[in-house]
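>>> 3D model of this:
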Amino acid sequence: MLIEEDLTRRVIGCAYRVYNVLGSGLPESVYVGALEHECEKNGMLAQREFPIAVYYDGVIVGSYRADLLIDRRLIIEDLDSAKSRRESPEAPLGRKDHHRADTRDGVRQYQRRIAE
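Here you go, the predicted structure:
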């Protein structure tokens with residue numbers, strides 16, 4: 001089961017359209033810009049380089065910028081990671097798991113920020 005399933009499926013559809021037009025091999029910033037445009041064209045709010053505060057024990061301890069935030073609910077992060085995994089099928093599972101953990105943590109931190 002996906003969280004925000006409808007929105008996630010819509011963004012995935014946009015990502016496929018971007019990839020089908022641009023193909024592979026371009027810098028990540030190009031894909032982020034194209035995905036931002038495609039999402040907005042399809043009625044979604046897309047915010048590029050969205051600042052995310054990280055809280056620990058009720059205190060902001062750091063921050064980072066998400067590649068894209070869609071409709072203030074879905075974080076799109078590290079579009080290059082899928083490319084890296086495709087190009088290196090023998091990449092250790094640890095990297096993939098680490099990326100998932102990073103994304104989960106980012107979403108968790110953002111959800112906390114909205115709730116406050």
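
>>> when you work out contacts or count neighbours from here on, use the C-alpha atoms and nothing else.
Noted.

>>> how about low-confidence regions in the protein?
Within the chain, the set of residues satisfying pLDDT under 70 comprises 80-116.

>>> this protein: helices as residue ranges?
Along the chain, counting by DSSP state H, helices occupy 5-22, 28-41, 80-87, 93-115.

>>> the second one vs helix 5-22, what angle?
Counting by axes from the mean of the first three to the mean of the last three Cα atoms, to 10 degrees, helix 28-41 lies at 120 degrees to helix 5-22.

>>> which strands and helices lie in contact with helix 28-41?
Under the contact definition 3 or more Cα pairs under 8 Å, 6 or more residues apart in numbering; DSSP states H and E, helix 28-41 sits against helix 5-22, strand 46-56, strand 59-70.

>>> and those as TSV, adding mean neighbour count and distance to residue 79?
Shown next, in TSV, are the helices and strands packed on helix 28-41 (neighbours: other Cα atoms under 10 Å; distance: least, Cα to Cα, whole Å):
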stretch	mean neighbour count	distance to residue 79
helix 5-22	14	10
strand 46-56	17	13
strand 59-70	15	8
